[in-house]
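*Asks:* 3D model of this:
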Amino acid sequence: MTNSVDEVIAKLSKAFNRVFNDFKGIYLFGIHTDGKMHEGEDIELVAIFDIEDKSKREQIWPIIGKIETEMNVCIDLYPYTPEAFKKDEDIYHEVMAEGIFYNNTGVRSLFSEEKDNNK
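*Replies:* Modelled structure (predicted):
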């Protein structure tokens, strides 16, 4: 694993933008928030879309699989709408407590502003 977490998220964001016009951004949470790759540990992500349904998930998983293979990483991605994300209290509170937000172009944003927008 020679790639950085930021590189993985940038590549994923680029792919999502190519396929979906409602992709809003990604939250990174879990062990990788320290910016380091941890062999054997999944990169835990929440992706936010305006619409999240079975059809979208069917399009997401091949993208994830391709990036996992190309970059030799394991990605654990949770796709949500903003409303559904807030309703999943366990994930939402964990992400809001420790997560890092990347905008839809894969650039880290000021997370405190994003937290305020999601309250």
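
*Asks:* give the contact list for Phe85.
*Replies:* 46, 48, 91-92, 95, 118 (Cβ atoms under 8 Å, 6 or more residues apart in numbering). Yep, even glycine has a C-beta here, placed from its N, CA and C like the rest.

*Asks:* could the residues you listed be laid out in TSV, adding neighbour count?
*Replies:* Below are the contacts of Phe85 laid out as TSV (neighbours: other Cβ atoms under 10 Å):
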residue	neighbour count
Val46	22
Ile48	22
Ile91	18
Tyr92	18
Val95	26
Asn118	15
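
*Asks:* restricted to helices, list those residues.
*Replies:* Residues of the contacts of Phe85 located in helices (DSSP state H): 91-92, 95.

*Asks:* which residue is the nearest non-sequential neighbour of Ala84?
*Replies:* Glu52 (6.4 Å; Cβ to Cβ, 6 or more residues apart in numbering).

*Asks:* got it, and Asp76?
*Replies:* Asp42 (3.9 Å).

*Asks:* any idea how far Lys54 is from that neighbour?
*Replies:* 23 Å (Cβ to Cβ, to the nearest Å).

*Asks:* between these two, which has more neighbouring residues?
*Replies:* For Asp42 and Lys54, the more surrounded residue by other Cβ atoms under 10 Å is Asp42, and the numbers stand at 15 against 7.

*Asks:* so that one touches Glu68, yeah?
*Replies:* No: with contacts counted by Cβ atoms under 8 Å, Asp42 stays clear of Glu68, the gap being 9.6 Å.

*Asks:* and stretch 36-44, end to end?
*Replies:* 13 Å (Cα to Cα, to the nearest Å).

*Asks:* enumerate the positions of that stretch that are buried.
*Replies:* Within stretch 36-44, the residues scored as buried using 16 or more other Cβ atoms under 10 Å are 37, 43-44.
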